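**Student:** I'd like to go over a predicted model; first the sequence, then the structure.
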Amino acid sequence: MSPENRLNPVMVSSATVFDIERYATEDGPGIRSVVFFKGCNLRCSWCQNPESHSSSPQIMYYSKQCISCGRCVEACHTDAVNNIQPFRFVTDHEKCDLCKRCIDVCFTNSRKIVGRQMPLDEIMDELRKDKTYYRESNGGVTFSGGEPLLQAQAVLYLARSCREEGIHTALETAGFVPWSAFENLHPWLNLLYFDLKHIDSDIHSQYTGVPIEPILENIRRAGELFDNIVVRIPVVPGVNDSHDTQGRMMGFLAGQTAVRNVELLPFHRLGMTKYEGLGMRYAMENVVNVRKSDCEPFAEIGRGMGLTVRVGAG
Ligand code: SF4
Ligand code: SF4
C-alpha cells in the first residue's frame, strides 16, 4: 500500500480541525499555538487522540455528566443514539447527520461536536492573537493532528501565511504521505517533527495499519531538505520497548544527518475516556503506563550513537 492510495482530497479555503490549543509548551520551542487537523491515515493502537481519526466532525459523549434521562435518544431523528452497553448514550457516526438536536436537549452538557470545518483566514486570525507571546518566548505555531499532511494544501497556506508574518512554524507528522507534501512545505517550515513507532514493517502494520517503508523513505529524503528534524518515538509496552527494537530504531536515526534530536514519549492511557465517548474500544486498556525512568536505558542507547535524546516532549 502506498501513501497516495489513502490521501484524502483537500480544500484550500478551509480545513477540518478538532482543536486550536493556545499557550502550548510541548510541541516545539517557546509558547505556541497548535492547530490539530482532523483525519489520520494511521490507526495506532495507543493513540491518545481517537477524535483525530475520522476526517469528519463527530459527536463526543461524556458519560460522567450524563444522568441517563434518555432525551437524546428521543430527539434523534436518525436513530443514531441508543443506550448501548458498555458505552451508554454514544452516537452511531454512520447514521448521525450532525443536526445537533441531541445536544440541544441535553441539560447536562454531556454531548458536543468535536471537529469543524474552519475557513483558513479564521484559523490565521486565531493564530495571530498570540503573536506577542511567540515573539517574547521564541515560540510560534505548530501544525499537528491527526495527520496534518492529509490536508497539505491547507497546511501550506497557513505555514506560508505564518512565515510571511514572521511566525516560527513547526509540523508534526507520522510521515505516511506522498513526498511532494514535504517538498512543497519545505520553504515555509522552520522545524519538522517525525513520529517513528517501529522499525519492522510487519509489526508496524500490525499496530498502526500501514507499513513502515514509505515513512522511513520520507525521513531519509527529508534530510535532503531540512536540517532540523526531531524524531519522536512513543515507548509502548509489548510493541517497541525492547533494547533490540529501540537499538535498531536509534541506529537508523543515527544514520540520518538531519536527525540529531530524538524524544522518547512514555506510553500512558490518558486518552481512554475519549474512546468511550466515541463508542470505540481501546486496545491498550490493560497496558500499564510507562515511567520516564523506564525510557532512560533506551535514551542511553541513542546517546551512545551520537544522538541527543531526551525523555518527554519539549
Ligand atoms: S446530531 Fe442529530 S443525528 Fe446526530 S446523534 Fe444527535 S440528534 Fe442524532
Ligand atoms: S440527554 Fe444528555 S443527560 Fe440525557 S441521556 Fe442523553 S447524554 Fe445523558
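**Tutor:** Received the coordinates, thanks. Ligands and ions are numbered 1, 2, ... in the order given.

**Student:** closest residue of the stretch 101-250 of the chain to ligand 1?
**Tutor:** Cys102 (3.2 Å; C-beta to the nearest ligand atom). C-beta coordinates here come from the backbone N, C-alpha and C atoms, glycine included.

**Student:** look up the closest residue to that residue, ignoring the ones flanking it.
**Tutor:** Nearest residue to Cys102, sequence neighbours excluded (C-beta to C-beta, 6 or more residues apart in numbering): Cys72, at 3.8 Å.

**Student:** count the neighbours of the one you found for me.
**Tutor:** Using other C-beta atoms under 10 Å, Cys72 has 24 neighbouring residues.

**Student:** and it, what does it touch?
**Tutor:** The contact partners of Cys72, taken as C-beta atoms under 8 Å, 6 or more residues apart in numbering, are Val81, Phe89, Cys102, Val105, Cys106, Arg111.

**Student:** got those as TSV, with neighbour count columns?
**Tutor:** Output for those, formatted as TSV (neighbours: other C-beta atoms under 10 Å):
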residue	neighbour count
Val81	25
Phe89	25
Cys102	24
Val105	16
Cys106	21
Arg111	23
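
**Student:** ok, and which of those reach ligand 2?
**Tutor:** Here is what survives when the contacts of Cys72 are matched to ligand 2 using C-beta under 6 Å from any ligand atom: Phe89, Val105, Cys106, Arg111.

**Student:** would you turn those residues into CSV with secondary structure, distance to Gln206 and pLDDT?
**Tutor:** Output for the ones next to ligand 2 among the contacts of Cys72, formatted as CSV (DSSP: H, G, I helix; E, B strand; the rest coil; distance: C-beta to C-beta, whole Å; pLDDT from 0 to 100):
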residue, secondary structure, distance to Gln206, pLDDT
Phe89, coil, 33, 94
Val105, coil, 42, 98
Cys106, coil, 39, 98
Arg111, strand, 34, 97
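
**Student:** of these, which pair is most distant in space?
**Tutor:** Spanning the widest gap among these are Phe89 and Val105, at 11.6 Å by C-beta to C-beta.

**Student:** how much space between Cys44 and Ile233?
**Tutor:** From Cys44 across to Ile233, the span is 12 Å (C-beta to C-beta, to the nearest Å).

**Student:** enumerate every residue touching the closest residue to ligand 1 within the stretch 201-314 of the chain.
**Tutor:** Per C-beta to the nearest ligand atom, Gly279 is where the stretch 201-314 of the chain lies closest to ligand 1, at 11.2 Å. Gly279 makes contacts with Tyr61, Ile84, Phe87, Val90, Thr91, Asp92, His93, as judged by C-beta under 8 Å, 6+ apart.

**Student:** contact partners for the residue lying closest to Asn83 once chain neighbours are set aside?
**Tutor:** Distances taken as C-beta to C-beta, 6+ apart put Phe89 closest to Asn83, at 5.8 Å, once the chain neighbours are dropped. Listed by C-beta under 8 Å, 6+ apart, the contact partners of Phe89 are Tyr61, Ser63, Cys66, Ser68, Gly70, Cys72, Val73, Val81, Asn82, Asn83, Ser110, Arg111.

**Student:** fine, thanks again, bye for now.
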